[in-house]
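Chemist: Starting from these lines, generate the structure:
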Amino acid sequence: MSDTQVEIGGKRLKVSNLDKVFYPKTGFTKGQVIDYYTRISGALLPHLKKRPLTLKRYPNGVDEKHFYEKRCPTHRPDWVATAPVPSDRHGGPIDYCLCNDLPTLVWVANMASIELHPSLSRAPKVEQPATLAFDLDPGPPAAILECAQVGLWVQEVLSESGLQSFPKTSGSKGMQVYVPLNTAVTYKETKGFSHALARLLEKQHPKEVVSVMTKDLRKGKVFIDWSQNDEHKTTVSVYSLRARETPTVSTPVRWDEVKAAHDAGDADALRFEAPEVIERVEAQGDLFADVATLKQKLPKL
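Modeler: Numbers count the residues shown, from 1 in each chain. Just a heads-up that it's a prediction; the model follows:
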């Protein structure tokens, strides 16, 4: 299909190959990817704004080769904002894209960046995390219901520490728990806190939880990945599509939903595809809204 010129938010840009199938199992197309990101943009953009963004691009769909792109492409429109991020590996700073508005989001989606992986920091303070994240990664045969149980334990400890936390599905096989901070803190502090909490839960629940990355130790357990709290790492964005067989989404959920799914043994209650996520936001608003604004101070664990 030939290129199509569109005007969004006063910006003109090209979109192309809208009929190209990106999810072969379901027939979900590139045009539907762009449509999803456009329709979810009101909830998504506050969680991307000013955050250096790593693009995970699938030019030929989810079954074909993909690549990560940290450096914002030089062919970007002049209205796409960027931010320099230090990089020892590249011998100097890299200019990352900042997805601050709808035209940029559509431009990113048109480049087949099916997945969006933002930093936990906001520019220009890229050395200062705005959020603390726990990535709950199950080792088979453990799956999302085991992650739900561990997430509830994480939430309990955080609550006892005076911190509100917000769960989301990964859109893949696990879950994440986000703790909004939005106050002056360092990655050394957030990494130390999250590592201590992971070790605490490993000690309390040794049959279900592991705090080290070693594959051999993770079978049937949930790895609490505290190492994501690092200025050189990213975690998949809330509301991001995932490159799975079907267009699943990293979806914010309520803690009572997590508990109900776990208690009922209902893994499907924690699995959402793009159309369902749009319906949830229309009905419930952005369950992650407070993550972008709530100010909390990191206590001593």
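
Chemist: what packs against the helix or strand containing Leu45?
Modeler: Secondary-structure assignment from DSSP states H and E places Leu45 in helix 30-48. If you count contacts as 3 or more C-beta pairs under 8 Å, 6 or more residues apart in numbering; DSSP states H and E, helix 30-48 packs onto strand 21-23, helix 102-110, strand 113-118, helix 274-284. For every residue, glycine as well, the C-beta is placed using N, CA and C.

Chemist: helices or strands up against the third one?
Modeler: Which is strand 113-118. Judged by 3+ C-beta pairs under 8 Å, 6+ apart, the packing partners of strand 113-118 are helix 30-48, strand 52-57.

Chemist: so which of the ones you listed comes closest to Ile8?
Modeler: Using C-beta to C-beta as the measure, helix 30-48 is the one of those that comes nearest Ile8, at 8.0 Å.

Chemist: dump the residue contacts of Arg12.
Modeler: Arg12 makes contact with 5-6 under the criterion C-beta atoms under 8 Å, 6 or more residues apart in numbering.

Chemist: Phi, psi for it please.
Modeler: In terms of degrees, to the nearest 10, the main-chain angles of Arg12 are phi -100, psi 140.

Chemist: now do the one 5 residues further on
Modeler: With angles defined as degrees, to the nearest 10, Asn17 sits at phi 50, psi 40.

Chemist: Val33 is in contact with that one, correct?
Modeler: No - when contacts are counted by C-beta atoms under 8 Å, Asn17 is not listed as touching Val33 (10.9 Å).

Chemist: Have a look at these two and say which one is more surrounded.
Modeler: Val33 (24 against 17; other C-beta atoms under 10 Å).

Chemist: and the more buried one, what pLDDT?
Modeler: pLDDT, the model's per-residue confidence, is 98 for Val33.

Chemist: Help me confirm that it comes into contact with Lys20.
Modeler: No - here Val33 lies out of contact with Lys20, judged by C-beta under 8 Å, at a distance of 9.6 Å.

Chemist: picking that back up, ok, and which of the helices and strands packed on helix 30-48 has the densest surroundings?
Modeler: Using mean count of other C-beta atoms under 10 Å, the stretch among the helices and strands packed on helix 30-48 with the greatest mean number of neighbours is strand 113-118 (a mean of 24).

Chemist: That strand versus helix 30-48: what angle between them?
Modeler: Following axes from the mean of the first three to the mean of the last three C-alpha atoms, to 10 degrees, one obtains 10 degrees for the angle between strand 113-118 and helix 30-48.

Chemist: mind listing what Ser121 touches?
Modeler: Counting by C-beta under 8 Å, 6+ apart, Ser121 touches 51-52, 127-130, 231.

Chemist: Indicate which one of the helices and strands packed on helix 30-48 is closest to Lys11.
Modeler: So among the helices and strands packed on helix 30-48, helix 102-110 is nearest, using C-beta to C-beta, at 3.9 Å.

Chemist: List the neighbours of the closest one that are in contact with it.
Modeler: Residues external to helix 102-110 that are found in contact with it (C-beta under 8 Å, 6+ apart): 6, 8-11, 13-16, 30, 33-34, 37-38, 41, 44-45, 48, 53, 55, 76-77, 79-81, 97-99, 116.
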